[in-house]
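**Student:** following is a predicted model, sequence given first.
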Amino acid sequence: MADTELAAAIKSALAAVEIPGGADLASYSGLSEIIVTPSAVAFAIAVAPGMEAAFGPVREQAQQVAQKIAGTRKIMVSLTGGKPPAGPTFSHGKPVPAGKTKVPGIKHIIAVGSGKGGVGKSTTAVNLALALQAEGLRVGILDADLYGPSLPKLLGIDDRTAIRDDGIFAPHDVFGLKAMSIGSMLVKDQAVVWRGPMATAALRQLLRETAWGDLDILVIDLPPGTGDIHISLFQQTEIDGVVIVSTPQDLALIDAKKAIDMLRRLQVPLLGLIENMSYFIAPDTGTRYDIFGSGGAEKAATTLGMPFLGAIPLVMAIREGSDAGQPPVIARPTGPEAQAFRTIAQQILSNTPTLRN
Ligand code: ADP
């Protein structure tokens, strides 16, 4: 069955699920779109405050109805818009709290995503974290790019992650950031093959079983594109918002639009769009060249109705510094590239002042 047919079939089957008040779930305006991926089906049910407990059985029933149609795909149904319903559900034998929950000790989470790989998402995540730190905040960074972890290289982390006696990970302390990456637990250059559920469980563990201490903001470097890892993370964790990194080329923007579309459907707040490799600054004269016809992301942000957060130049200092584990915000704090990251961090904080609280 094609994905769209499967989504439609599940939606009609949800007509058999009664919601409080007597109407059926399929015609309930709070039912989100039904998202189908190769291994999962996800949808959300928006619930008015105070109605969470009443919707608990609706969620259970919706889950069962969807599972009958979706075969081996994992079903993820979340209740949004209110507090999580009481009581744990069980996944792979381990209790998993239902609904979106906060990570203890972490006040805010910003995730950095992109439509595809190679657009500078990880570079942006690292420098954005450092730029937020430069605004006086306590910041951590989590590499959720389990298939291609690049944080150890970007931050120059050579040592393996320590595990405390109680089994909790001790994050790396680097340039003042608390940093965690699966890359620091694997044998170097080893290819990782994750089955979907393992990847989501691993990310959950990295996020929730790390001694982050007290952080104002945790920056999460997401895997590129859209997949199960994103869906489970967004359904299980309270995320303040996502920033999307894109290059000026149209193709990357088309991919970015897909990612944005998914976030909207999962009801995750969008903090805005960042254009990376936007313009070139001649090292000798300092002249700016818009070699890719920059401005694409800014226009796209306007069209998509989300804030444009700023542009990052294409400069050798970024590539060289990143390859050497010396992020530009630290290595060349007065350089134009560091300034670009600082401006973006300031823009995010001024658009969403609650991030400082
Ligand atoms: P992604 O996380 O999207 O896969 P990376 O952050 O790993 O992308 O960046 C891909 C490559 O591009 C890296 O070699 C990085 O150093 C380089 N890069 C990223 N942004 C810039 C930039 N603004 N100027 C020059 N090189 C960049």
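**Tutor:** Sure, I can see it. These figures come from a predicted structure and were not determined experimentally. Numbering: from 1, shown residues only.

**Student:** quick one: name the residues of the stretch 1-150 of the chain near the ligand.
**Tutor:** Residues of the stretch 1-150 of the chain found near the ligand (Cβ under 6 Å from any ligand atom) are 114, 117-123, 150. Every residue, glycine included, has its C-beta placed from N, CA and C.

**Student:** can you rerun that using 5 Å?
**Tutor:** Counting by Cβ under 5 Å from any ligand atom, the stretch 1-150 of the chain comes close to the ligand at 117-123.

**Student:** turn those into CSV, including secondary structure.
**Tutor:** CSV is the format used below for these (DSSP: H, G, I helix; E, B strand; the rest coil):
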residue, secondary structure
G117, coil
G118, coil
V119, coil
G120, coil
K121, helix
S122, helix
T123, helix
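
**Student:** which two in the residues you listed are spaced the farthest apart?
**Tutor:** Across those, the longest distance by Cβ to Cβ is 12.0 Å; it joins G117 and T123.

**Student:** who has more neighbours, those two?
**Tutor:** Between G117 and T123, counted using other Cβ atoms under 10 Å, T123 has the larger neighbour count: 25 against 15.

**Student:** what's the pLDDT at that one?
**Tutor:** pLDDT recorded at T123 is 97.

**Student:** leaving out the residues flanking it, which one is nearest to it?
**Tutor:** Leaving out its chain neighbours, the residue that sits closest to T123 by Cβ to Cβ, 6 or more residues apart in numbering is S322, at 5.2 Å.

**Student:** number of nearby residues for that neighbour?
**Tutor:** Using other Cβ under 10 Å, S322 has 22 other residues around it.

**Student:** ok, it - contacts?
**Tutor:** With contact set as Cβ atoms under 8 Å, 6 or more residues apart in numbering, S322 has these partners: 123, 126, 153-154, 328.

**Student:** for stretch 10-17, give me every contacting residue.
**Tutor:** For stretch 10-17, the surrounding residues in contact (Cβ under 8 Å, 6+ apart) are 24-27, 31, 34, 41, 43, 58, 61-62, 65-66, 68-70.

**Student:** how about a cut-off of 10 Å?
**Tutor:** 23-28, 31, 33-34, 36, 41, 43, 45, 57-70, 75, 77 (Cβ atoms under 10 Å, 6 or more residues apart in numbering).

**Student:** pLDDT of that stretch, averaged?
**Tutor:** The average pLDDT within stretch 10-17 is 96.

**Student:** residues of that stretch that come out buried?
**Tutor:** Buried residues in stretch 10-17, counting neighbours by 16 or more other Cβ atoms under 10 Å, are found at 10-11, 13-14, 17.

**Student:** now intersect the residues you listed with the helices, please.
**Tutor:** Within the buried residues of stretch 10-17, residues falling in helices by DSSP state H are 10-11, 13.

**Student:** just curious, which of these is nearest to V139?
**Tutor:** Using Cβ to Cβ, I10 comes nearest to V139 of these, at 39.9 Å.

**Student:** gap between that closest one and A16?
**Tutor:** Distance of I10 to A16, given as Cβ to Cβ, to the nearest Å: 11 Å.

**Student:** pLDDT weak spots in this structure?
**Tutor:** Residue ranges of the chain with pLDDT under 70: 49, 80-98, 187-193, 250-252, 291-294.

**Student:** show me where it has its helices.
**Tutor:** Assignment of helices within the chain using DSSP H yields the ranges 3-13, 52-70, 121-133, 151-155, 196-208, 228-236, 250-265, 296-304, 316-323, 328-331, 336-351.

**Student:** returning to that earlier point: adding distance to I168, write the residues of the stretch 1-150 of the chain next to the ligand out as TSV.
**Tutor:** Listed next are these as TSV, based on distance: Cβ to Cβ, whole Å:
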residue	distance to I168
G117	31
G118	34
V119	33
G120	32
K121	28
S122	25
T123	29
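
**Student:** what number of residues lie near G118?
**Tutor:** 12.

**Student:** isn't it right up against P224?
**Tutor:** Yes. Taking contacts as Cβ atoms under 10 Å, G118 lies within contact range of P224: 7.9 Å.
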